[in-house]
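Enquirer: Curious how this folds, go ahead:
(one chain, ligands or ions: 1)
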Amino acid sequence: MTVLPDIDPYAMRDLETRSCLVQGQELVILRHDDHWYVYLNSCPHLGIPLNFIADDFLDLDRQHFICANHGALFRYEDGLCISGPCSGQRLRQFPCVVDAGRLHVDMLDL
Ligand code: FES
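Expert: Next comes the predicted model:
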């Protein structure tokens, strides 16, 4: 497990997204209630980052991740694309746990 630097999981607000660089890869972190979700910041459509603006990954309703490039929408619970050019594909998700106030992510198969 890798401890995410500069991320205090309990300091994140509900439905706040953050990005974090780990092992040369940019991750997207979202908190919802007391659940955290971690994904690779790479759209399955073209393999490019989802966002144009730093730490800005949600649609206007804050219900889904959105790819700023072509508007694909992804469920933040499991990364499934429900609308857009990569519908049916998923964001790459990493298991994570909060322990001792830090967010730990399993990136072993990256
Ligand atoms: S690159 Fe994300 S929808 Fe096209």
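Enquirer: Which positions within the lengthiest strand in the chain qualify as buried?
Expert: Secondary structure of the chain per DSSP state E: the longest strand is strand 25-32. Buried positions in strand 25-32, judged by neighbour count with 16 or more other C-beta atoms under 10 Å: 27-31. The C-beta positions use only the backbone N, C-alpha and C, and glycine is treated the same way.
Enquirer: Could you confirm residue 10 falls within a helix?
Expert: Yes. Per DSSP: H, G, I helix; E, B strand; the rest coil, residue 10 lies within a helix segment.
Enquirer: need the contact list for it.
Expert: Shown in contact with residue 10 (C-beta atoms under 8 Å, 6 or more residues apart in numbering): 98, 101.
Enquirer: any idea which of the buried residues of strand 25-32 is closest to residue 89?
Expert: Ranked by distance to residue 89 (C-beta to C-beta), the buried residues of strand 25-32 are led by residue 28 at 15.8 Å.
Enquirer: residues contacting the nearest residue to residue 83 once chain neighbours are set aside?
Expert: Leaving aside its sequence neighbours, residue 83 sits nearest to residue 73 (C-beta to C-beta, 6 or more residues apart in numbering; 4.4 Å). Applying C-beta under 8 Å, 6+ apart, we find residue 73 in contact with 59, 64-66, 81-84.
Enquirer: can you map out the strands along this protein?
Expert: 2-3, 17-22, 25-32, 35-40, 65-66, 73-74, 81-83, 93-94, 96-99, 102-105.
Enquirer: buried ones in stretch 38-53?
Expert: 38-45, 49-51.
Enquirer: Would you point out the most distant pair within these?
Expert: Across the buried residues of stretch 38-53, no pair lies farther apart than 38 and 45, at 20.0 Å, counting by C-beta to C-beta.
Enquirer: which parts of the chain sit against the ligand?
Expert: For the chain, the residues in contact with the ligand (C-beta under 6 Å from any ligand atom) are 43, 45-46, 48, 67, 69-70, 72, 84-86.
Enquirer: export these to JSON lines and tack on pLDDT?
Expert: As requested, the residues of the chain next to the ligand are exported to JSON lines (pLDDT from 0 to 100):
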{"residue": "43", "pLDDT": "98"}
{"residue": "45", "pLDDT": "98"}
{"residue": "46", "pLDDT": "98"}
{"residue": "48", "pLDDT": "98"}
{"residue": "67", "pLDDT": "98"}
{"residue": "69", "pLDDT": "98"}
{"residue": "70", "pLDDT": "98"}
{"residue": "72", "pLDDT": "98"}
{"residue": "84", "pLDDT": "98"}
{"residue": "85", "pLDDT": "98"}
{"residue": "86", "pLDDT": "98"}
